[in-house]
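Asks: Attaching a predicted model along with its sequence, questions to come.
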Amino acid sequence: MKTSNETTAKPKKTVKFKASVIPKLTPIHQALQNHLIFSSFKTSSAATPRNWYEAASYTVRDHVVERWIKTAESYYRDDPKRVYYLSLEFLIGRMLSNAALNLGINDQLKEGLASLGHDLENTVELETDAALGNGGLGRLAACFLDSMATMDIPAAGYGIRYEYGMFRQSIENGQQIENPDNWLRYGNVWEFQRPEATYSIKFYGHVLKYPMDDGEVQHWVDAEHVVAMAYDVPVPGYGTDTVNNLRLWSAKAAREFDLKHFNDGNYEKAVVERNATESISKILYPNDTSVLGKELRLKQQYFFVSASIQDILRRFLSTHDIKTQADWKLLPEKIAIQLNDTHPSIGVAEMMYQLVDVHELPWAFAWELVGKIFAYTNHTLMPEALETWTVDLFGRLLPRHLEIIYKINFEFLHMVNHHFPGDADLLKRVSIIDESNGRRVRMAHLAVVGSHTVNGVAALHSELLKQHLFADFDRIYPGKLTNVTNGITPRRWLNQANPGLTALIEKAIGAGFKKDLTQIKKITPLADDADFRKAFAAVKHANKVRLAAKIEQKTGIKLNPDSLFDVQIKRIHEYKRQLLNVLHVITLYNRIRNGEKGITPRTVIFGGKAAPGYWMAKQIIRLINDVAAIVNEDVAVGDQLKVVYYPNYEVSAAEILFPGSDLSEQISTAGTEASGTGNMKMALNGALTIGTLDGANVEIKEEVGDENIFIFGLTTPQVAEVKASGYTPRDYYHSNPELKQVLDMIASGYFSVDEPNRYQAIVDNLLNNDQYLLLADYGSYIDAQDRVGNLYQHQDEWTRMAILNVANMAKFSSDRAISDYANNIWHVTPNTKAKAKNK
């Protein structure tokens, strides 16, 4: 078979593996000292705190690597079906504490460091968050990797090794400032460079066609080549020997350096090719407001998908003796590829390219294989959020893949026309090529057509996909659309983030809930136990004290931990309605200023990043900080109300914010949030939810009970009805005096004296458009917040409700979600045989 480069060549024979002999590990106390000297080249007297972090990480890594090698060898030995999870983001957070806890050596590590005069908690703080994602999409992917390893699912993640994260956020003069997030400044103890795992990735060029007896043969020629080099990161499971792999790709130039240009004195041109190539993996989500930005984003997506699929096929061919076309039928029995959102959907076309062009399989046979390999997770209900690319850009960058997509689309539309004859509008709506909007490639449509299963991420979201966004596809492919409600890993978001609550629950019901969250239901009767409620409240207070200290350190704002900590931390976007929260803050401010009695002291905490090119989101951040500046300095308000913007929200920050929260703000417009996972993390850590019936809030309400959650606002059908009937936001403005006062204050420059018209655009948008119905939901939201404030004054009842929220979070474990995927979509089983052999 011909190949486009060496790395995709089929091995002449399968590789035989022998079990490795792994040296016995040194006791942790001794290993710390050894690594300090032999890995960091420092003596204890000369070592810096960072050197001790490195020594601790190398020590724990030794234990991880031992299991990692055994896991990899067991997969080659037992040849189970493997899952490959393709995602543009993986927000894995800090590795040291997570690995030590999952491997069960956290206490030994703590004691070992203490014996050498060092504190584990301070040591962990020196680890920089891996900047491999931005929000819920990346955090979900990381949770899923944790669960797959914990459940012994043979799996691997694939993504990009970004040199810089999206940005490191600081707040200056109330505004978001984007700084380079150089998370690799001090290196990364947890990654292993794999120079032997490199693949050639092609861009540009053109396609030559040669007639053959049975059709045409296409050759993609004159392409530019980029090298993808692998970096591996271990993913240890909890309470198991399984350690799976996260493989991240870094872009390297095919030619590092042009010596002729350098010798001629043209130093910049000597490295121009290298710089252009390495920009592919330079930064997460480059700004795509320019044509070059869009091209770079598409390059990123194809780069990591092509490298991943070449790697997947290389592994398959190295372990199976594939000689005939019939042998290839084994491929979907041994691999399952999950596309996490539309970013990796080019994988459908890339797999066809590899199978047809590189390995010379017949088109129809290859397409049959593809349809059994891929599954696609959709994460949005907004048509504008579904990725599309202009045909011009796509054809220039990936000429062969555009031809492949044209052929896939032709055959798909032929099938649709056969089953729904004469429906030209249907063909236009479902076509992979959008002919109505300047000819664009619809990547979500490619993913749906090329996948055997498409899932939403919450029950409501999946139902809305069937009714609206993918309604036509649901008619064409009955049963293809399904639901898998998102989940979170209790190891990271309870065991690691909230050791106080973990210890309390473990003392009451044992440690089984860490691996099997269904056991946490056992604490339900303890909600009526006064001693348990007292202990639970003490843990929450300690977490709030810890959070208050961190906030004072970062912002200089001193908080009262006895106040209600009202927290909204998530990506800043209009549909998530941080602005509605601000309207409530100003309403409370006015009530306090007017002398209203009985108002519960409250601290409102915001956090999250706005995309660099999203002007309105950045204006909302500035408004929050301007409001905070007025409220926090008003002596008439004092400690009754404080407003904080937590800068640079990331995983390590979330591990402090979630346990310290009393109230979880999940207030998106009904029908806009696919699922949300922050709502799950908050509830698992004992926060009560105020929210709309949107995303996973619906299922949280079902699990915890109507009486243990604060629901407000229009439902999804009501939102549609209000919009259809001709929504006029000014009616709400004129009919609600409190709302009118709040908006007038913002518009008049009350919170921006130096620039009175600063927020006129925000007010004009609310009064004339209000796409996300903030004014329609304002009254209901204020009423719900009043109920929140009143209940918080009855601490015993509040604590009882919080305990019941924690007790009913089992459904929202990522272990349950992965079980759903494994049983219903991937059809894989745990590699328990390997686990037993590794013991």
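Replies: On my side now, so go ahead.

Asks: CA atoms for contacts and neighbours, from now on please.
Replies: Noted.

Asks: what about the stretch 401-550 of the chain, any weak spots by pLDDT?
Replies: Nowhere does the stretch 401-550 of the chain drop to pLDDT under 70.

Asks: now swap in the chain and tell me
Replies: Per-residue confidence for the chain (pLDDT under 70) gives these ranges: 1-19, 255-272, 833-839.

Asks: what about Ala724, how many neighbours?
Replies: Burial measure for Ala724: 9 neighbouring residues, criterion other C-alpha atoms under 10 Å.

Asks: Next, the contact list for the residue in the chain sticking out farthest from the centre, please.
Replies: Checked against the mean C-alpha position of the chain, the extreme residue using C-alpha atoms, centre = their mean is Asp213, at a distance of 48.6 Å. Contact analysis of Asp213 by C-alpha atoms under 8 Å, 6 or more residues apart in numbering lists nothing.

Asks: For Leu116, see how far away it is.
Replies: Taking C-alpha to C-alpha, to the nearest Å as the criterion, Asp213 is separated from Leu116 by 76 Å.

Asks: Nearest residue to the middle of the protein?
Replies: Gly138 (1.8 Å).

Asks: Mind jotting down where the helices sit in the stretch 301-450 of the chain?
Replies: Along the stretch 301-450 of the chain, the stretches classed as helices by DSSP state H, counting those that start in this stretch are 331-334, 347-352, 363-373, 391-397, 399-419, 424-430, 443-450.

Asks: Check which helices and strands the second one sits against.
Replies: Which is helix 347-352. Here helix 347-352 touches helix 291-319, helix 363-373, helix 399-419, helix 443-450, going by 3 or more C-alpha pairs under 8 Å, 6 or more residues apart in numbering; DSSP states H and E.

Asks: ranking those helices by burial, who's on top?
Replies: Highest mean neighbour count among these (mean count of other C-alpha atoms under 10 Å): helix 443-450, with a mean of 25.

Asks: who touches that helix?
Replies: When contacts are taken as C-alpha under 8 Å, 6+ apart, the neighbours of helix 443-450 outside the stretch itself are 342, 345-346, 348, 370-371, 374-376, 386-389, 405, 412, 430-432, 454, 473.

Asks: so what does the helix or strand just after it touch, helix or strand wise?
Replies: The element immediately downstream of helix 443-450 (helix or strand, assigned by DSSP states H and E) is strand 453-456. Counting contacts by 3+ C-alpha pairs under 8 Å, 6+ apart, the secondary-structure elements packed against strand 453-456 are strand 374-377, strand 481-483.

Asks: ok, back up a step: which among the helices and strands packed on helix 347-352 is found nearest to Ser725?
Replies: The closest of these to Ser725 is helix 443-450. By C-alpha to C-alpha, the value is 30.7 Å.

Asks: Keeping just the C-alphas, turn the closest one into PDB.
Replies: As requested, C-alpha coordinates have been extracted for helix 443-450 and formatted as PDB (Å, rounded to 0.1, in the frame of the first residue of the first chain):
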ATOM      1  CA  MET A 443     -18.900  21.100  10.300                       C
ATOM      2  CA  ALA A 444     -21.700  20.000  12.600                       C
ATOM      3  CA  HIS A 445     -23.600  18.500   9.600                       C
ATOM      4  CA  LEU A 446     -20.400  16.600   8.600                       C
ATOM      5  CA  ALA A 447     -20.200  15.200  12.100                       C
ATOM      6  CA  VAL A 448     -23.800  14.200  12.200                       C
ATOM      7  CA  VAL A 449     -23.700  12.500   8.800                       C
ATOM      8  CA  GLY A 450     -20.400  10.700   9.500                       C
END
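
Asks: got a list of what the residue nearest to Gly686 when sequence neighbours are not counted touches?
Replies: Computed as C-alpha to C-alpha, 6 or more residues apart in numbering, the closest residue to Gly686 that is not its neighbour in sequence is Ala802, at 4.9 Å. With contact set as C-alpha under 8 Å, 6+ apart, Ala802 has these partners: Ala683, Gly686, Ala687, Leu688, Asn708.

Asks: With Ile711 instead?
Replies: Under the criterion of C-alpha under 8 Å, 6+ apart, the contact list for Ile711 reads Ile690, Gly691, Thr692, Leu693, Ala784.

Asks: Repeat that for Phe203.
Replies: Going by C-alpha under 8 Å, 6+ apart, Phe203 touches Ala223, Glu224, His225, Val226, Leu397, Leu398.

Asks: same check, this time on Gln741
Replies: Neighbours of Gln741 in contact, by C-alpha under 8 Å, 6+ apart: none.

Asks: again, but for the one 5 residues further on
Replies: By C-alpha under 8 Å, 6+ apart, the residues touching Ile746 are Tyr759, Gln760, Val763.

Asks: Can you tell me the element it falls in?
Replies: Remark: Ile746 resides in helix 737-748, with elements defined by DSSP H and E.

Asks: Buried residues, the helix or strand just after that helix. List them.
Replies: Per DSSP H and E, helix 737-748 leads on to helix 760-768 as the next helix or strand towards the C-terminus. By neighbour count with 16 or more other C-alpha atoms under 10 Å, helix 760-768 contains the buried residues Gln760, Ile762, Val763, Leu766, Leu767.

Asks: ok so, going back, now do the same for the residue nearest to Gly686: helix, strand or coil?
Replies: helix (DSSP: H, G, I helix; E, B strand; the rest coil).

Asks: residues in contact with the closest residue to Gln793 other than its chain neighbours?
Replies: The shortest distance from Gln793 to any residue other than its chain neighbours is 6.9 Å, reached at Thr600 (C-alpha to C-alpha, 6+ apart). Under the criterion of C-alpha under 8 Å, 6+ apart, the contact list for Thr600 reads Ser563, Leu564, Gln640, Gly789, Asn790, Tyr792, Gln793.

Asks: Leu465 too?
Replies: When contacts are taken as C-alpha under 8 Å, 6+ apart, Leu465 is in contact with Leu381, Gly456, Ala471.

Asks: now those residues as a markdown table including distance to Leu465 and neighbour count?
Replies: Formatted as a markdown table, the contacts of Leu465 follow (distance: C-alpha to C-alpha, whole Å; neighbours: other C-alpha atoms under 10 Å):
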| residue | distance to Leu465 | neighbour count |
| --- | --- | --- |
| Leu381 | 7 | 20 |
| Gly456 | 7 | 27 |
| Ala471 | 7 | 16 |
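
Asks: ok, so of those, who is nearest Pro659?
Replies: Nearest to Pro659 among those: Gly456, at 28.2 Å, using C-alpha to C-alpha.

Asks: and the nearest residue to the closest one once chain neighbours are set aside, how many neighbours?
Replies: The spatially closest residue to Gly456, leaving aside those adjacent along the chain, is Ser462, at 4.4 Å (C-alpha to C-alpha, 6+ apart). Applying the criterion other C-alpha under 10 Å, we find 27 residues in the vicinity of Ser462.

Asks: Many thanks, I have nothing further to ask.
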